[in-house]
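[1] Just to be clear, the model below is a prediction. Sequence and coordinates:
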Amino acid sequence: MINVEFSGDILTASSPSMLRSWQLRAGALSARSLITYDADPKGRDWITARGVLDDAALGPSIVPPNGIPLAPFRVEFSSSEERELPVHAPVSRGALSVTGADGFGYRVHVSVFHDSGAIICSLEQFGTRMVEVDQASSTPEAAPTGVEVDKSAVETSSANNRDVLEAFSYAGQHWELVIVDLLDQTDIHDTLTFERRFRLCNIQSIAEMTCLLALEDPLTNEGLLLVKLAPLPHARPIKTLDVKSKGTWLHWLGHGFAGDGQGYRWAVLGYSGGRLGRARRLHALQRSLRVPRPERDGLLLSNTWGDRNRDTRINDAFICTEMAAGAELGVDVCEIDDGWERGVTSNSARAREKHGIWEGFWAADARYWEPRTTTFSDGMKPLISASKNHGIGLGLWFAPDSSNDFANWGKDAQVCLGMWRDWGVSHIKLDGIKLRSQLSAENLHRFFNAVLIESQGDIIFDLDITAETRPGYFGAIEVGQLFLENRYTDWTRYFPHAVLRNIWMLSFYVAPQRLRMEFLNPSRNQELYGNDPLAPGRYPPETLFAIVMTTAPLAFFEVSELPDYVISALKPLISIWREHRAELQRGTILPIGDCPSGASFTGFCSDLGDLAHVLVYRELTQLPTANLELPLEGTWEIDRCIAGGGEAWLQRGSSAAAEVTIKIHLPEPLTFIWLRLKRC
């Protein structure tokens, strides 16, 4: 049963995979149960039995930054089955409001998604009460003195904390806390994921900042996931701790605002099966917040910026040529990067001459976002005509105006909606975003929501997270895909194995289908790489594309400048991929094999239930054969080889945890095999 209810003083949210309940006491909500059904159909309650706890230990679990309302207080509850955004999965929603005598109050929003069973909460504060939010700070551990401390005297309640989203005491003692650190700003970072594991005990206090943590039972591999749907800690305008833990208490903190308004949403999810089970739940959560549509998501885009000519070649004749070449190759959307617009940005080749800017666009020119007349003399008409003639979509680059906390968000939304209505543009790359304050974050989301609602989800944003302070991996899941990397052969920063490595490592947390990942023209700048055995030019061109097939691929080059040998290698595989991609991308795509290093056997498995796709890559390893465990249960058989070369055999798993192992033989390095499996 899926619903959100409030009866008496109990707030309940239920789904097939989880049951949550809170009790309203003295104006505050306290967690009473958190039951998951992943491993046991009878359920497992992660919160210590309340029958043995006194009222003080019960403690408030949800406390807004400015505290709880003063008595007497008024309580209101409403529920609905309406989706907040058209890209969401079907959802049941409830809102509990608590308003105090001084007019200050808070509202807890609870959403239960029907497809994944994910339960998402958010906290809204209203009214005025001037109390400062606790800022994040590092408190040094007390130095050991040799004097033993009474373990029963450790703090067990969250009653003295403000800005609390979750607080509960968990049953048992042998727990591990997994803190996941993710990095964006890929212009300066290239290892993007880290995991830290803590054994929970009364000795060590843990205080960390993160968007993602897991409380895991090492004896059963079951766990709880806490996900903050917010920018990464470095990018948040208000810096607060996210987790505190000591003994058997866990506090999930950090509402994300200083005054009135809506705070960050967070999800609590149960899982089984250890790290891969955790990944499955995270992928399902992301699909609930943005339901994939094959005709809109995961398409192959071309973007000329990867060849580093920037805006010097952008004009109507060149883009029409690109559309013709892209359609011939199998590209779905030809995206024009920075340089189509009348205004000049700081990234333009003419930036110094024309005093390019990176914000304040509306103040600089009210016509900033009209087509540049010197290069598009007839506006977008020739491009619209070429788009229709070649059966290829038209995409554009855009930068919402960060100045004055995105005060022009309404104008920016109308620009994007005008592109969609008037020019047929549904793919828009967003760049230049700077989150400087909580107001800027709120206005940015107003921009996102206005575009999504008005277009009924037809517009898809590629959110550039390569630099500055932006929503990151979890801060704006609904808007589209993530433009992850700027990598160029001109600076020898493009290495195919590094792209594969980032996809593989991120896939434990971020569904690969959400990543816009690049492959470049391998014929360019070969001399700069010298004798590097992992240079792009050493790879068969089709392998470069195969590396990004589980993602939303980005042809980051001028398609019309590809040499014939690259076109003849890419075109057949792209055609096959387009035929099978809807099925490939519909599954939960998990990493298999070793982490890509340039010298490994590695890959992905897309699990669709009764079908599966397996992609395996041989890097520069001397061994032509490898056994890879698959995240599948039951009995399977190979249906067919879709693309690539080599041979494959299925066999029983080599460990108790692995039911299925695949043996792969690829006689040549830097090659791949793509298989379709079916359940027997």
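    Nice, I can see it.

[2] Now find how far off-centre stretch 570-578 is within its chain.
    From the chain centre to the centre of stretch 570-578 is a distance of 27 Å (C-alpha atoms, centre = their mean, to the nearest Å).

[3] Any buried residues in it, and which?
    Going by neighbour count (16 or more other C-beta atoms under 10 Å), the buried part of stretch 570-578 is L570, K571, L573, I574, I576, W577. Quick note: C-beta positions are derived from backbone N, CA and C, even for glycine.

[4] The fifth one belongs to a helix?
    Yes. Assignment of I576 by DSSP: H, G, I helix; E, B strand; the rest coil places it within a helix.

[5] check contacts around it.
    The contact partners of I576, by C-beta atoms under 8 Å, 6 or more residues apart in numbering, come to I642, A643.

[6] Which of the buried residues of stretch 570-578 sits closest to G127?
    W577 (54.3 Å; C-beta to C-beta).

[7] surely that closest one meets F545?
    Yes. With contacts counted by C-beta atoms under 8 Å, W577 reaches F545, the gap being 7.4 Å.

[8] Do a quick rundown of the helices in the stretch 151-300 of the chain.
    Taking DSSP state H, counting those that start in this stretch as the test, the helices found in the stretch 151-300 of the chain are 274-289.

[9] Need the buried residues of stretch 570-578 in TSV (columns: pLDDT and distance to G457).
    Formatted as TSV, these follow (pLDDT from 0 to 100; distance: C-beta to C-beta, whole Å):
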residue	pLDDT	distance to G457
L570	98	31
K571	98	31
L573	98	30
I574	98	26
I576	98	29
W577	98	24
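
[10] Going by distance to A39, which of those wins?
    Closest to A39, out of all of the buried residues of stretch 570-578 and judged by C-beta to C-beta, is W577, at 36.5 Å.

[11] Sticking with the closest residue to G100 other than its chain neighbours, tell me its helix or strand.
    Nearest residue to G100 in three dimensions, chain neighbours excluded: P69, at 2.6 Å (C-beta to C-beta, 6 or more residues apart in numbering). Assigned by DSSP states H and E, P69 belongs to neither a helix nor a strand.

[12] wait, what's in contact with P69?
    P69 touches G27, V98, T99, G100, A101, D102, F104, G105, Y106, counting by C-beta under 8 Å, 6+ apart.

[13] and if we set it to 6 Å?
    G27, V98, G100, F104, G105 (C-beta atoms under 6 Å, 6 or more residues apart in numbering).

[14] who wins for most neighbours among those residues?
    Using other C-beta atoms under 10 Å as the neighbour test, those are led by G105, with 24 neighbours.

[15] So that one sits against Q125, correct?
    No. Using C-beta atoms under 6 Å, G105 makes no contact with Q125, being 7.7 Å away.

[16] need the next SSE after the helix or strand containing E322, C-terminal direction.
    Assigned by DSSP H and E, E322 belongs to helix 316-329. Where DSSP H and E defines the elements, the next helix or strand beyond helix 316-329 is strand 333-336.

[17] what mean pLDDT does that following strand have?
    Averaged over strand 333-336, pLDDT sits at 98.

[18] Report the distance from that strand to the chain centre.
    23 Å.

[19] so what strands line up beside that strand?
    strand 301-303 (parallel), strand 393-398 (parallel) (DSSP bridges).

[20] State whether H497 is indeed within a helix.
    Yes. Counting by three-state DSSP, H497 is located in a helix.

[21] Identify whichever of the strands paired with strand 333-336 lies nearest to S387.
    Among those, if distance is taken as C-beta to C-beta, the winner is strand 393-398, at 4.6 Å.

[22] got the angle between the closest one and helix 316-329?
    Using axes from the mean of the first three to the mean of the last three C-alpha atoms, to 10 degrees, the direction of strand 393-398 lies 130 degrees away from that of helix 316-329.

[23] buried sites along strand 393-398?
    G393, L394, G395, L396, W397, F398.

[24] and the chain, what are its domains?
    Using automatic domain parsing, the domain parsing of the chain gives 3-137+160-289, 301-586, 593-679.

[25] Including mean pLDDT, could the strands paired with strand 333-336 go into CSV?
    CSV is the format used below for the strands paired with strand 333-336 (pLDDT from 0 to 100):
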stretch, mean pLDDT
strand 301-303, 98
strand 393-398, 98
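
[26] Turn the buried residues of stretch 570-578 into a markdown table, columns for distance to I589.
    Below are the buried residues of stretch 570-578 laid out as a markdown table (distance: C-beta to C-beta, whole Å):
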| residue | distance to I589 |
| --- | --- |
| L570 | 22 |
| K571 | 24 |
| L573 | 18 |
| I574 | 19 |
| I576 | 18 |
| W577 | 14 |
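
[27] Tell me the secondary structure at the nearest residue in space to S79 that is not next to it in sequence.
    Closest residue in space to S79, ignoring its immediate chain neighbours: G94 at 4.4 Å, by C-beta to C-beta, 6+ apart. Classification of G94 by three-state DSSP places it in strand.

[28] Now for the closest residue to I188 other than its chain neighbours, how many residues are close by?
    Closest residue to I188 in three dimensions, ignoring its sequence neighbours and counting by C-beta to C-beta, 6+ apart: A467, at 7.9 Å. By other C-beta under 10 Å, the residues close to A467 number 16.
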